[in-house]
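Novice: Okay, here's the prediction I keep looking at, along with the sequence it came from:
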Amino acid sequence: MIQQSEITGLILAGGRGMRMGRVNKGLQELNGKTMVAHVIEKLLPQVSTILINANQDLDRYAEYGFPVIADTIADYAGPLAGLESALSQCQTKYLLSTPCDSPFLPTDLASRLASAMTRDGSQLAVPITHELFEGKLEKQIQPVFCLLERNLHESLADFLKNGGRKISDWFDQLRISEVVFENHDEFSNINTKAELAAHAKPPAS
């Protein structure tokens, strides 16, 4: 069984935040705390330590007390670039990836993904949810919430060097476990100012 001490948590905060108005999404406040603070609160009890991947506002992210690493690939190449940078510096056998704009992530994310990897002998585990769409439940893969082996770094670095960018294309090369999570809302991400306002609690009267 994979132990908590063997897992490093990664918070992906390396995007441009275009839909949020070109601001760093992780540093936007939700109910009195930045979104990255919400993610740290949920993630830290599940892992041994945390890395933060960011390409701007590095000093502000460093205030949370964890190492901050930038992409080694230029021009905001997407979440796989952040994952590659983290794998290159990860000191544990496994890395658990989460985005900075998903403050409701499950508190049992690491344990359930780890159990599936142990059971299946897989290299990576990813959550699956089901969402109602036009009256039918449709399977949704949540690829940026994944637990993977550190030794996949070479595979990912080669994939990116050869021009690969789509997570699904890289996943197709790996042995993967899919783990069903019942609450789709736990994987909700906040992309816009309107979504941020919608998730804010009303002030106490």
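Specialist: It's in.
Novice: Just give me the neighbour total for the residue nearest to residue 1 when sequence neighbours are not counted.
Specialist: Closest residue in space to residue 1, ignoring its immediate chain neighbours: residue 118 at 5.3 Å, by C-beta to C-beta, 6 or more residues apart in numbering. Every C-beta, even on glycine, is put in place using the N, C-alpha and C of the backbone. Residues near residue 118, counting by other C-beta atoms under 10 Å, number 13.
Novice: Counting by contacts, list what the lowest-mean-pLDDT helix or strand in the chain packs against.
Specialist: Here the helix or strand of the chain ranked lowest by mean pLDDT, DSSP states H and E is helix 193-199, holding a mean of 85. Helices and strands touching helix 193-199, by 3 or more C-beta pairs under 8 Å, 6 or more residues apart in numbering; DSSP states H and E: there are none.
Novice: Can you tell me what sits against the host helix or strand of residue 11?
Specialist: Assessed by DSSP states H and E, residue 11 sits inside strand 7-13. The list of residues contacting strand 7-13 from outside it, by C-beta atoms under 8 Å, 6 or more residues apart in numbering, reads 24-26, 36, 39-40, 43-44, 46-54, 61, 79, 82-83, 86, 90-100, 110, 114, 144, 147.
Novice: PyMOL command to pick out the buried ones of the residues you listed?
Specialist: Of those, the buried ones go into a single PyMOL selection, burial set by 16 or more other C-beta atoms under 10 Å:
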select buried, resi 24+25+26+36+39+40+43+46+47+50+51+52+53+54+61+79+82+83+86+90+92+94+95+96+97+98+99+100+110+114+144+147
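Novice: Of the contacts of strand 7-13, which belong to helices?
Specialist: In this view, those that belong to helices under DSSP state H are 36, 39, 40, 43, 61, 79, 82, 83, 86, 110, 114.
Novice: Widest-spaced pair of the residues you listed?
Specialist: Pairwise distances across these peak at 26.2 Å for 61 and 114 (criterion: C-beta to C-beta).
Novice: quick one on the thing from earlier: so in that sheet, which strands flank the strand holding residue 11, and in what orientation?
Specialist: If you go by DSSP bridges, strand 7-13 pairs up with strand 49-54 (parallel), strand 94-99 (parallel).
Novice: out of those, which comes closest to residue 154?
Specialist: Smallest distance to residue 154 across the strands paired with strand 7-13 (C-beta to C-beta): 14.0 Å, for strand 94-99.
Novice: Which strand runs longest in the protein?
Specialist: Using DSSP state E to define each element, the chain has its longest strand at strand 124-133.
Novice: Buried by neighbour count: which residues of that one qualify?
Specialist: Quick answer for strand 124-133 (16+ other C-beta under 10 Å): 124, 125, 126, 127, 129.
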